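K.L.:
Need a 3D model of the following:
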Amino acid sequence: MQPFSGFWPALITPYTADDRINLTVLRELVDYHLAKGVSGFYLCGSTGEGAFLSVPERKLVTETVLARVAGRVPIIVHVGAAGIHDAVHLARHAQDNGAAGISSILPPVIYNQQGVVPFFERIAAAAPELPFLPYLLGVARDVMTLMREMATIPTLAGTKYTGANMYEMNQVVRFRQANWTVFSGMDEQAALGLMYGAAGVIGSTLNFMPGVYREIYASVRRGDHAQALDLQRRANRVTELMLSVGFVGAFREGMRLLGFDCGQPRLPNLPLPEEKRAALHAGFEAVDFAGLAAL
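P.N.:
A predicted model of the protein is given here:
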């Protein structure tokens, strides 16, 4: 299976005022990112609020983005769900509609760790023609032990590793040599993840400043680590600001300022409190949000 690389937005899911999928804005977002030269799209993950969408909504997002992209870049669809039958259904749907790969979080409620690998096996088997990249976020056990247990999954092709432990991530990178992709999923550590061997980055803040991560990726590739780290620090000032006022609400406000009305987030995510809007706008100016988004 062909490995992946590059910089991929974990695409936001936009909503209308009456909380339906905003297909017009979704298509506009795809066009915007393609113009920025993104390497691919990651759909319906944490940023895309896949866990808070119905199965029909997740299918609609997948179909819409795949149709708009029309094969120009690969698309990995996050199909993980609390119910295994939903996850299997979404995996089959992704394969049938032309996705380049599938991904899944760990089961959201785990009573027995021995059930994790069978959970992943069922999902991967539902799309046997696609590479499977588990989404390792909030893993409460040794990651390398889990990777070794998953090694018998025929389509296991890497992972989206969202964590700050670069030593552990590099162990995952070195787990296999051929047809293996490890994405760094922690935006604040994108440059370090690439330096520690990740093939690419997937993240939330790529939605509004993809050009920054394009240049981080290019800088690491040519060995200019100082430039990559400088860009990372600049991007992290934006991320820190957003975290200080409520990341999800600030994220959607940032998209609105760029011309993309993505609506309000789905509960349990919360919108930006009105009393914090002015401070966020002033902060955006101080950290050069507009300049970074324009790259």
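
K.L.:
alpha carbons only for contacts and neighbour counts from here, please
P.N.:
Fine.

K.L.:
What confidence value was assigned to the most centrally placed residue in the chain?
P.N.:
For the chain, the residue sitting closest to the mean C-alpha position, by C-alpha atoms, centre = their mean, is A10 at 3.0 Å. What the model reports for A10 is a pLDDT of 98.

K.L.:
ditto for P107
P.N.:
88.

K.L.:
where in this structure is pLDDT low?
P.N.:
Along the chain, segments meeting pLDDT under 70 span 1, 140.

K.L.:
can you pull out the helices in it?
P.N.:
Assignment of helices within the chain using DSSP state H yields the ranges 23-35, 55-69, 84-96, 116-125, 143-150, 166-173, 190-195, 210-221, 225-245, 247-257, 277-286, 289-294.

K.L.:
Give me the helices and strands touching the fifth one, please.
P.N.:
When you say that, I think you mean helix 143-150. Helix 143-150 makes packing contacts with helix 116-125, helix 166-173 when contacts are defined by 3 or more C-alpha pairs under 8 Å, 6 or more residues apart in numbering; DSSP states H and E.

K.L.:
which of the helices of the chain sits most buried?
P.N.:
Among the helices of the chain, helix 190-195 has the highest mean neighbour count (mean count of other C-alpha atoms under 10 Å), at a mean of 24.

K.L.:
Tell me, how many residues neighbour the residue lying closest to G80 once chain neighbours are set aside?
P.N.:
Beyond its immediate neighbours in the sequence, the residue positioned closest to G80 (C-alpha to C-alpha, 6 or more residues apart in numbering) is S104, lying 4.1 Å away. By other C-alpha atoms under 10 Å, the residues close to S104 number 24.

K.L.:
what about S104, distance to A124?
P.N.:
Taking C-alpha to C-alpha, to the nearest Å as the measure, S104 and A124 are separated by 9 Å.

K.L.:
do L146 as well
P.N.:
Summarising the geometry, the distance separating L146 from A124, computed by C-alpha to C-alpha, is 16 Å.

K.L.:
Likewise for S46?
P.N.:
Here S46 is placed at a distance of 20 Å from A124 (C-alpha to C-alpha).

K.L.:
T13 too?
P.N.:
Distance check for T13 against A124: by C-alpha to C-alpha, it reads 24 Å.
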